[in-house]
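Chemist: sharing a model that was predicted from the sequence below.
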Amino acid sequence: MIVKESLIGGKGDKLTEKNVDKRQLIIGKIVEKEHSPNEKITTEIALDHLAENKKYYSNLVEKGIVDEPNAIRLYIKYFGTSKLPKKYHKFISESMNDILKPKSSNEIQKVLFKLNEIKNIINNIDPRIKAYTLQEWLTEFPWQKDDWVNGYYLIITNDINKTEDILNGGFSVSLINDNIVKAEWLPYPEETIIGIDNFISALKELIREYDNKFADK
């Protein structure tokens with residue numbers, strides 16, 4: 001990808017790294033390495049583009065015109081796969097293995113805190129669905145213990161006291177980082193990496209589709 005850029009008097013001259021989305025800038029530095037190995041120069045070029053469009057580099061990936069594999073991998077990590085062109089899907093399997101696996105007690109507490117934060121958001125969407133941490137699930141349904149491996153993720157299913165099968169059984173989500181989850185089962189046809197906000201929106205849409213389907217019945 002060739003981008004014409006003037007380093008002197010560029011639109012990003014008054015922009016600092018603190019004023020832009022850090023994710024965009026990291027991807028931008030990788031993309032702009034084709035112009036120079038000098039990080040100061042690649043940073044300046046990236047800032048010029050981000051001054052024009054704060055989503056410049058994620059937009060480039062979504063348009064399918066980024067060739068740098070590391071930039072594409074970082075896009076998946078930061079923004080998920082919902083807008084990823086098919087030509088880049090070969091990189092998804094690599095990211096699927098990047099599930100957050102806490103080791104220290106401090107890391108575990110941070111992961112559990114984030115999972116509970118997401119769980120509470122989900123549980124406030126609709127009373128007919130419910131999210132559990134794995135630990136909560138095994139406490140409520142101990143007979144399933146042998147069927148589950150230890151891990152840190154959420155199980156999202158229909159409320160067992162309701163008769164409606166909105167989620168067609170249910171699915172689970174694992175943390176990739178603070179902004180990205182890996183969704184397994186529905187509402188996606190296969191494992192999908194997606195931003196948490198987009199995941200919540202997709203879940204709400206799934207419920208709306210269910211209600212619209214049965215509205216006239």
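Modeler: Looks like it came in fine.
Chemist: residues near the nearest residue to residue 64 once chain neighbours are set aside, how many?
Modeler: With sequence-adjacent residues excluded and distances taken as Cβ to Cβ, 6 or more residues apart in numbering, residue 64 is closest to residue 85, at 4.1 Å. (C-beta placed from N, C-alpha, C; glycine too.) As a burial measure, residue 85 scores 14 neighbours (other Cβ atoms under 10 Å).
Chemist: distance of residue 85 relative to residue 49?
Modeler: 20 Å (Cβ to Cβ, to the nearest Å).
Chemist: element containing residue 136?
Modeler: According to DSSP states H and E, residue 136 maps onto helix 134-140.
Chemist: what is the subsequent helix or strand relative to the worst-scoring helix or strand of the chain on mean pLDDT?
Modeler: Lowest on mean pLDDT, DSSP states H and E among the helices and strands of the chain sits helix 92-96, with a mean of 62. For helix 92-96, the following helix or strand on the C-terminal side (DSSP H and E) is helix 105-123.
Chemist: for that following helix, packing partners?
Modeler: strand 129-133, strand 153-158, strand 170-175, helix 196-214 (3 or more Cβ pairs under 8 Å, 6 or more residues apart in numbering; DSSP states H and E).
Chemist: can I get those in TSV with mean pLDDT, mean neighbour count and distance to residue 66?
Modeler: Output for these, formatted as TSV (pLDDT from 0 to 100; neighbours: other Cβ atoms under 10 Å; distance: least, Cβ to Cβ, whole Å):
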stretch	mean pLDDT	mean neighbour count	distance to residue 66
strand 129-133	89	21	35
strand 153-158	86	21	30
strand 170-175	82	21	26
helix 196-214	86	15	20
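Chemist: mind putting those in CSV, distance to residue 79 included?
Modeler: Putting the helices and strands packed on helix 105-123 into CSV (distance: least, Cβ to Cβ, whole Å) gives the following:
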stretch, distance to residue 79
strand 129-133, 23
strand 153-158, 20
strand 170-175, 15
helix 196-214, 9
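Chemist: where does the chain have low pLDDT?
Modeler: Across the chain, the ranges flagged by pLDDT under 70 are 1-14, 93-99, 141-151, 185-191, 216-217.
Chemist: per the record, what domains does it have?
Modeler: 17-96, 105-214 (automatic domain parsing).
Chemist: okay, those, which one's buried deepest?
Modeler: Across these, the average number of neighbours (mean count of other Cβ atoms under 10 Å) peaks for domain 17-96, which reaches a mean of 17.
Chemist: and it, how far from the chain's centre?
Modeler: From the chain centre to the centre of domain 17-96 is a distance of 15 Å (Cα atoms, centre = their mean, to the nearest Å).
Chemist: just stretch 205-217 next, same as before
Modeler: 26 Å.
Chemist: so what touches stretch 27-36?
Modeler: 1-3, 5, 39, 41-43, 45-46, 49-50, 56-58, 60-61, 66, 68, 70-71, 74-75, 78 (Cβ atoms under 8 Å, 6 or more residues apart in numbering).
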